[in-house]
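Trainee: give the three-dimensional model of this entry:
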Amino acid sequence: MEPLYQQTHKQVHEIQSHMGRLETSDKESLHLVENEIQARIDQIFSSLERLEILSSKEPPNKRQNAKLRVDQLKYDVQHLQTALRNFQHRRYLREQQERQREELLARTFTTNGTQKKILDIANMLGLSNTVMRLIEKRAFQDKYFMIGGMLLTCVIMFLVVQYLT
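Mentor: Model (predicted):
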């Protein structure tokens with residue numbers, strides 16, 4: 001049991017050092033490193049299964065210590081598995097954000113389409129630019145009349161409620 005434990009422990013430390021390589025590797029070799037780490041983790045899980053069987057066959061005075069050591073290794077490997085999944089998830093999100101950014105940069109944005117259509121129709125009808133500016137100015141002034149009318153209506157409603165109730 002001891003040689004298999006030492007070998008498995010050594011493999012765990014090798015995976016930990018490979019996890020550092022994930023951050024520094026380029027995009028082409030990133031998948032290869034991930035696959036290599038995943039294959040080693042799978043290999044360690046199979047070794048851990050054998051270690052569990054061997055630890056149950058240890059003498060009673062060493063059995064608890066052996067199971068504790070195997071459980072610690074199992075915890076370490078599960079932690080490495082989770083770290084690999086988190087890294088893959090972050091990489092996936094980063095790639096997705098890059099794709100979305102490229103899509104947004106590739107789009108062409110136009111101004112408000114309805115205003116452009118109105119100007120096109122007015123030009124077809126023969127209205128000059130001066131008349132169009134007057135219409136836009138009138139629309140701007142009408143907005144203030146509308147807001148003033150709404151405020152006046154609210155004041156009248158308040159006074160009616162205040163004095164008639």
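Trainee: just checking, which helix or strand of the chain averages the lowest pLDDT?
Mentor: None of the helices or strands of the chain scores lower by mean pLDDT, DSSP states H and E than helix 113-125, at a mean of 73.
Trainee: from the chain's centre, how far out does that one sit?
Mentor: Distance of helix 113-125 from its chain centroid, counting by Cα atoms, centre = their mean, to the nearest Å, is 42 Å.
Trainee: report all helices and strands that it contacts.
Mentor: Judged by 3 or more Cβ pairs under 8 Å, 6 or more residues apart in numbering; DSSP states H and E, helix 113-125 is in contact with helix 129-164. Glycine gets a C-beta too; all of them are placed from N, C-alpha and C.
Trainee: for the helix it packs on, give the mean pLDDT please.
Mentor: Across helix 129-164, pLDDT averages out at 88.
Trainee: again, but for stretch 59-78
Mentor: Mean per-residue pLDDT for stretch 59-78: 89.
Trainee: how far does the helix or strand hosting residue 91 sit from its chain's centre?
Mentor: In this structure, residue 91 sits in helix 60-106 according to DSSP states H and E. Relative to its chain's centre, helix 60-106 lies at 17 Å (Cα atoms, centre = their mean).
Trainee: for stretch 16-27, same thing?
Mentor: Centre-to-centre, stretch 16-27 and its host chain are 21 Å apart (Cα atoms, centre = their mean).
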